[in-house]
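1. Build the 3D model from these lines:
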Amino acid sequence: MKQLKFLTLIIAVFSYTASTGQTSYFTQFSKANKWSAGVQLSPNYSSNDADGILSFGGGAHVKYSLGQSFGLNLNADLGSLKGEKLSSSYEYTNKYKQVDITGMYTIGNISFIRPLRDIQLYTFFGLGIMFSDVNASFGEKGGNLADTKIENNESNAVVPIGFGLKKNINEKFDFGIEYKDNFVQGDMVDGYNYVTFANRNNDQYHSLNFKVSFKFGDKEQTAHMDWLNPLETIYEDIDSLFMVTAKLQNDSDKDGVADMFDQEAETDCDKVYGNGKAVDSDGDGVNDCKDLEPFSMSKDVDENGVAIDSDGDGVPDSLDEEPNSPAGEIVNVRGVAAKNGACCDCDNVTLPSVIFENGSARLAPSSFGILYSIAEKMKSCPGLTLNATGYTTSKAGEQIANKRSTAIVDHLEANYGIERGRIKTIYSTSKGVEFSNRRIDLGQVDN
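-> Reported below is the predicted structural model:
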C-alpha cells in the first residue's frame, strides 16, 4: 500500500511539472491554439433513494488548454432527472441546471518513439453548483403520504469526476465520449429525504456525455495544444535552436562577430570589439586597421592616424612647446630646442631625449640623428658624463628602462667610441611626465 501511495505521488508531481513546463517553455518556439468550445448531449441516470430512470440533458462547454497534458473546462448543463420508488409508488422529476469547472488531464500523449495518436484518454475532477427544481408525489402505496405532492427548489455544491475519450476529427473539430459522476452535497436531488438508516447518504447522478468541440484561436495557427506531443515539441524546439545557431554563423564582414550582434556589420576592419565596432586604441578617430600610429599620444592626427607635427621635430603639435622650431633643430621631448650643439659650452649642456615604442627597447631609426648629436657633444666635451634616466613605477618597468639605457650605451660605444662609463643608469617616478613610460632622458651629471 505504501508503495502504491508513493507511486501515486510521483505521478502527480510529474503531471504538474509536465503541464507547467509545457506552458512556460515548450511553447516559446512553436505556438498553437489553446481554446475550444462545443455542445454535449447527456443521457442521465440517478443513484439516489428512489430508483433512477433514464433521462436526458445537454449543455455547452468551453476549454482552455494550459499545456499539452492539462486544461481547464467550464461546463453549463440543464436537463431532467427521473426516478421512482415502487414500494411506495413514489415518482419524481428534477429539472436541474448545473455549472461546474473541471481540471482535465490527458493520459497517453507523451511518447519518445511514436507520433501523437488521434484518440486520447483523459480524466477530470472539479467543483460546481447544481440548481434543483423537484416535483414529486406518493401514489396509492404511499400509506399516509398517498397523494402527497412535494416541490423543492434548492442549490447544492457538486463534485464532478470522471474520464473520457476524445478523437481528433480534423484541424477544427473534436468528438468525445465521457463518463461523469456528479456527487451532490445534499439529499434532495430526488426530493426523498427522510431520516432513516437507509437514507443516510448524499445523492448523486451519472451522465454519459457525447461532445462535439470546435477548436479556435489564432487564424494563422493550424495546430491545437491538445494535439501536440510534448516530446515532439521538444524536437521542434531543438530544430529552432539549430536555426538560431545558423544565424550565429552569419558574419557578413568576416570580423568574427555574428551579424545579429554586430553594431558595424559592414566594417572592413578585422580588429574589432565584442560588439563588432572597429578598435581604436588611441581614441583618435582612426581605427587600428588604418592607423599608422595606433598608440599615438595626440588626438590631433591626419587621416592615417599620424600625429600632426608642423615643424617636423618629432614632437606632436599637441605636446610641442615650440611648434615652429627651425628645420633640423635638435629638441627635447617637449619640443624645445637644445641650448647647446656639439661645438660650444660644456658646462650647461641640454640634450634631447630618446623615445622608444611601447614595451620595446629597440632603437628606432628616427633616433639615430639624436644619438649622433649626443655623440658629437660628448666628443667635444671629453669630461662630460651623463645620467640616462628611465621612468618607472614597477620592477618590470625597471627592467625595460635598463634595457633601453643599455641599448643607447651600446649604440654610442659601437658607432662613436663613447666609453660606457660616461653614462650612468638611474630611475625616477613617472608622475606628471609626458611619455614617461617610453623615454630615456639624457642629462649632464653635476660635478
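2. burial count for C381?
-> Using other C-beta atoms under 10 Å, C381 has 17 neighbouring residues. Just so you know, the C-beta spots here come from the backbone N, C-alpha and C atoms, and that holds for glycine as well.
3. what's near enough to touch it?
-> 346, 349 (C-beta atoms under 8 Å, 6 or more residues apart in numbering).
4. ok, now the one 5 residues further on?
-> When contacts are counted by C-beta under 8 Å, 6+ apart, L386 touches 351, 374, 378, 422-424, 442-445.
5. how close does it sit to S298?
-> To S298, L386 is 29 Å away according to C-beta to C-beta, to the nearest Å.
6. now do P365
-> P365 sits 21 Å away from S298 when distances are taken as C-beta to C-beta.
7. next one: T106
-> 73 Å.
8. Please apply the same query to D190.
-> Taking C-beta to C-beta, one finds D190 at 101 Å from S298.
9. the more surrounded of these two?
-> D190 (30 against 19).
10. Please tabulate the contacts of L386 in a markdown table and include pLDDT and secondary structure as additional columns.
-> A markdown table is the format used below for these (pLDDT from 0 to 100; DSSP: H, G, I helix; E, B strand; the rest coil):
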| residue | pLDDT | secondary structure |
| --- | --- | --- |
| L351 | 83 | coil |
| I374 | 87 | helix |
| M378 | 86 | helix |
| R422 | 89 | helix |
| I423 | 87 | strand |
| K424 | 87 | strand |
| L442 | 86 | strand |
| G443 | 84 | strand |
| Q444 | 85 | strand |
| V445 | 82 | coil |
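11. Just the buried ones from the residues you listed?
-> Applying 16 or more other C-beta atoms under 10 Å to the contacts of L386, the neighbour count classes 351, 374, 378, 422-423, 442, 444 as buried.
12. Can you add distance to E413 and give the contacts of L386 back as JSON lines?
-> Output for the contacts of L386, formatted as JSON lines (distance: C-beta to C-beta, whole Å):
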{"residue": "L351", "distance to E413": "17"}
{"residue": "I374", "distance to E413": "12"}
{"residue": "M378", "distance to E413": "11"}
{"residue": "R422", "distance to E413": "10"}
{"residue": "I423", "distance to E413": "9"}
{"residue": "K424", "distance to E413": "14"}
{"residue": "L442", "distance to E413": "15"}
{"residue": "G443", "distance to E413": "19"}
{"residue": "Q444", "distance to E413": "19"}
{"residue": "V445", "distance to E413": "18"}
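13. of all those, which comes closest to F214?
-> L442 (94.8 Å; C-beta to C-beta).
14. So the closest one is in contact with V354, correct?
-> Yes - the pair L442 / V354 is scored as a contact, 7.1 Å apart, by C-beta atoms under 8 Å.
15. how long is stretch 302-317 end to end?
-> When the termini of stretch 302-317 are compared using C-alpha to C-alpha, to the nearest Å, they are 12 Å apart.
16. Taking the buried ones among the contacts of L386, tell me the two that lie furthest apart.
-> L351 and R422 (12.6 Å).
17. Just list whatever residues bridge to I426.
-> Taking DSSP bridges as the rule, I426 bridges to T389.
18. What is the burial count for it?
-> Neighbours of I426 (other C-beta under 10 Å): 13.
19. so where do the strands sit in the stretch 251-400 of the chain?
-> 354-355, 386-391 (DSSP state E, counting those that start in this stretch).
20. Cool, thanks, signing off.
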